[in-house]
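A.B. asks: output the structure for:
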Amino acid sequence: MDNSFSSAWNIVRSPSQPFELCNTVWFPSHSPKMACCLLRALNDKLLTASRLKHFSVIDKDTCFLCCKEPETIQHLYFSCPYSAYIWSLCKLKLGWILEYLSFKLRLLISRRNSQRRPNVMC
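C.D. replies: Numbering: from 1, shown residues only. I've put the predicted structure just below:
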């Protein structure tokens, strides 16, 4: 029997499937702090108000930013009006809003053109 640290680790750890997004999350030029935050969010392990209430750490689970809905990961990153505002600023800074609006405009124009086709009776 091998008395190395790696053999002891393999005995103690529970085997699991490889993480699908491993190469995306753990990239050499990424910040380790951001990678850990992303992993926690993907595994539903961020300490949101809902989780803290579940563990009886706090009494109320309402969102600290909007004070309207329970603070879950989904709400915090996507549904909260404050977060939506921050996301829109990020998209504006990156130029994504203009691309999105351009796409929507092209889609509306193509729909309008398809509705203007003459009716041909067979």
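A.B. asks: and residue 75, that's in a helix?
C.D. replies: Yes. Residue 75 sits within a helix when classified using DSSP: H, G, I helix; E, B strand; the rest coil.
A.B. asks: from residue 17, how far off is it?
C.D. replies: Separation of residue 75 from residue 17 (Cβ to Cβ, to the nearest Å) stands at 29 Å. (Each C-beta comes from the backbone N, C-alpha and C, glycine too.)
A.B. asks: neighbour count winner among the two?
C.D. replies: In terms of neighbours (other Cβ atoms under 10 Å), residue 75 is the more surrounded of residue 75 and residue 17; the figures are 20 against 5.
A.B. asks: got the contact list for the residue nearest to the more buried one when sequence neighbours are not counted?
C.D. replies: Counting by Cβ to Cβ, 6 or more residues apart in numbering, residue 69 is the residue found nearest to residue 75 once chain neighbours are left out, at 5.3 Å. Residues in contact with residue 69 (Cβ atoms under 8 Å, 6 or more residues apart in numbering) are 62, 63, 75, 79, 80.
A.B. asks: same question for residue 82.
C.D. replies: Contact analysis of residue 82 by Cβ under 8 Å, 6+ apart lists 65, 66.
A.B. asks: which SS class is it?
C.D. replies: Of the three states, residue 82 takes helix under three-state DSSP.
A.B. asks: would you mind measuring from it to residue 66?
C.D. replies: 6 Å.
A.B. asks: separation between the residue nearest the centre of the chain and residue 93?
C.D. replies: By Cα atoms, centre = their mean, the chain has its centre lying nearest to residue 77, at 6.5 Å. Remark: distance between residue 77 and residue 93 (Cβ to Cβ) = 18 Å.
A.B. asks: one more: residue 64?
C.D. replies: 24 Å.
A.B. asks: higher neighbour count, the two?
C.D. replies: Between residue 64 and residue 93, residue 64 has the larger neighbour count (other Cβ under 10 Å), namely 12 against 9.
A.B. asks: ok, residue 53 to residue 63 distance?
C.D. replies: Distance from residue 53 to residue 63, by Cβ to Cβ: 12 Å.
A.B. asks: ok, residue 55 next?
C.D. replies: Taking Cβ to Cβ, one finds residue 55 at 18 Å from residue 63.
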